[in-house]
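**Q** Give me coordinates for this.
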Amino acid sequence: MIKFLLVVKVCSALDGTCLPEQFVGAHNTWFECAKAGAYETISLMDLIGEDLINRNKLFVAFNCEPSNDT
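**A** Next up, the predicted model:
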């Protein structure tokens with residue numbers, strides 16, 4: 001069965017760099033993965049904080065990568 005691996009990264013629009021991608025979890029469907037990615041984005045932004053995000057023009061990107069591993 002195919003699983004979808006949620007991978008997130010924090011990037012700066014200011015200088016065009018990103019921190020290394022981080023594996024966050026495995027999901028049974030694309031929908032579950034994409035929904036988890038949206039929640040993870042908000043959680044990370046809250047954790048990082050408005051000041052640091054504004055100062056460095058940070059954003060969170062995520063991807064759901066298919067995997068045959070169970």
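
**Q** Now name the helix or strand holding the residue nearest the centre of the chain.
**A** A centroid search over the chain (Cα atoms, centre = their mean) returns Val8, at 2.5 Å, as the residue closest to the centre. For Val8, the host element (DSSP states H and E) is strand 3-12.

**Q** by contact count, what packs against that strand?
**A** Secondary-structure packing of strand 3-12 (3 or more Cβ pairs under 8 Å, 6 or more residues apart in numbering; DSSP states H and E): strand 17-18, strand 22-27, helix 30-48, strand 58-67. Glycine gets a C-beta too; all of them are placed from N, C-alpha and C.

**Q** what comes into contact with the last one?
**A** For strand 58-67, the surrounding residues in contact (Cβ atoms under 8 Å, 6 or more residues apart in numbering) are 2-13, 18, 24, 26-27, 30, 33-34, 37-38, 40-41, 44-45, 48, 52-53.

**Q** switch the cut-off to 6 Å
**A** Defining contact as Cβ atoms under 6 Å, 6 or more residues apart in numbering, one finds that strand 58-67 is touched by 2-12, 30, 33-34, 37, 41, 44.
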